[in-house]
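[1] Compute the structure for the input listed below.
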Amino acid sequence: MKKILVIGSTGQIGSELTMELRKRYGNDNVVAGYIPGAEPKGELKESGPSALADVTRPDELSEAIKKHGIDSIYNLAALLSVVAEKKPLLAWKIGIDGLLNILELAREHGCAVFTPSSIGSFGLNTPHWMTPQDTIQRPKTIYGVSKVTTELLSDYYHTKYGVDTRSVRFPGIISNVTPPGGGTTDYAVDIYYYAVRGEKFTCPIKQGTLMDMMYMPDALNAAITLMEADPARLVHRNGFNIASMSFDPEEIYKEIKKHRPEFEMVYDVDPLKQSIAESWPDKMDDSCAREEWGWRPTYDLATMTVDMLDKLSARLLKK
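    The predicted model follows:
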């Protein structure tokens, strides 16, 4: 049975990924890694083991790996795009210096490592429609630069040292459980909360701005399925395009209005978020992920909207 460490287990993706991994592999086999001040709480704390796992402290990481017999690491330590632009040195320290610490420990202890990349790894010169798996990547944000570096470092450690590294390029992730945390695509989560609360939503992204998005259940399944895939089939390994749906703010607004006719939205464009959004793909070509490890999304905009509104209504309106 695998012994898994999730670094960043209390974050936007990590909290739900940890619970999904425990469901599949058993509670005792999945360790929730955390940093001081972001300790697991509630079900995340009570359902399984946890350990200090600060990527900037390799001795601490090594202790967690040895104590729990870890053979697989899901490394979700990173600052999101908007936050990273305000703290570029910290973004690099966590995203790249931290990754190097993990890769060195993985080499020493024989661990497999999943470190997600992002649509942020592309730039203005990248083809925006059906963005190829292999194409130019010249991002202008520290978030994007760190994600490209993540892909290259992970490939390097696989090629030079045989470390089993794998990753996907996540699109914007929409969750009915975890609130947004400072990303460019966060409007597509916020909008559902406003709709359920019956409040007018002010959108920070310009009408007509397409971005790839994905519902959290599909994102979790992508990460786990890739890590379970036969390594002999993997050609690319790090930075697989994965896609599910692409829409602009007006499309998600109209989809929500089918279920909440009274819902209102206005625009007040945030220049930083808009500039980042315009540098990202409109829609990615994920054919390599489909061919190499059987990637298939389950949700589209319509089915996700129904589920988001149902789940959020059940939780928010009972308070």
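
[2] now the stretch 51-200 of the chain, which segments are flagged as low pLDDT?
    Under the criterion pLDDT under 70, the flagged ranges of the stretch 51-200 of the chain are 180-182.

[3] Okay, strands next: where are they in it?
    Secondary structure of the stretch 51-200 of the chain by DSSP state E, counting those that start in this stretch: the strands cover 72-75, 112-114, 117-118, 129-131, 165-166, 168-170, 172-174.

[4] Make JSON lines out of those and add distance to residue 300 and mean neighbour count.
    From N, CA and C alone the C-beta is placed, and that goes for glycine too. Shown next, in JSON lines, are the strands of the stretch 51-200 of the chain (distance: least, CB to CB, whole Å; neighbours: other CB atoms under 10 Å):
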{"stretch": "strand 72-75", "distance to residue 300": "26", "mean neighbour count": "26"}
{"stretch": "strand 112-114", "distance to residue 300": "25", "mean neighbour count": "23"}
{"stretch": "strand 117-118", "distance to residue 300": "21", "mean neighbour count": "26"}
{"stretch": "strand 129-131", "distance to residue 300": "17", "mean neighbour count": "16"}
{"stretch": "strand 165-166", "distance to residue 300": "26", "mean neighbour count": "26"}
{"stretch": "strand 168-170", "distance to residue 300": "17", "mean neighbour count": "24"}
{"stretch": "strand 172-174", "distance to residue 300": "12", "mean neighbour count": "26"}
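
[5] Which of those sits closest to residue 50?
    Across the strands of the stretch 51-200 of the chain, the minimum distance to residue 50, taken as CB to CB, is reached by strand 72-75, at 14.2 Å.

[6] Mind putting the strands of the stretch 51-200 of the chain into CSV with distance to residue 59?
    Supplementary listing: the strands of the stretch 51-200 of the chain in CSV, determined by distance: least, CB to CB, whole Å:
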stretch, distance to residue 59
strand 72-75, 16
strand 112-114, 18
strand 117-118, 27
strand 129-131, 40
strand 165-166, 22
strand 168-170, 30
strand 172-174, 32
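
[7] among the ones you listed, which is nearest residue 145?
    Residue 145 sits nearest to strand 117-118 of all the strands of the stretch 51-200 of the chain, at 11.4 Å, using CB to CB.

[8] List the contacts of that closest one.
    Counting contacts by CB atoms under 8 Å, 6 or more residues apart in numbering, the residues outside strand 117-118 that touch it are 81, 143-144, 147-148, 150-151, 167-171, 238-239.
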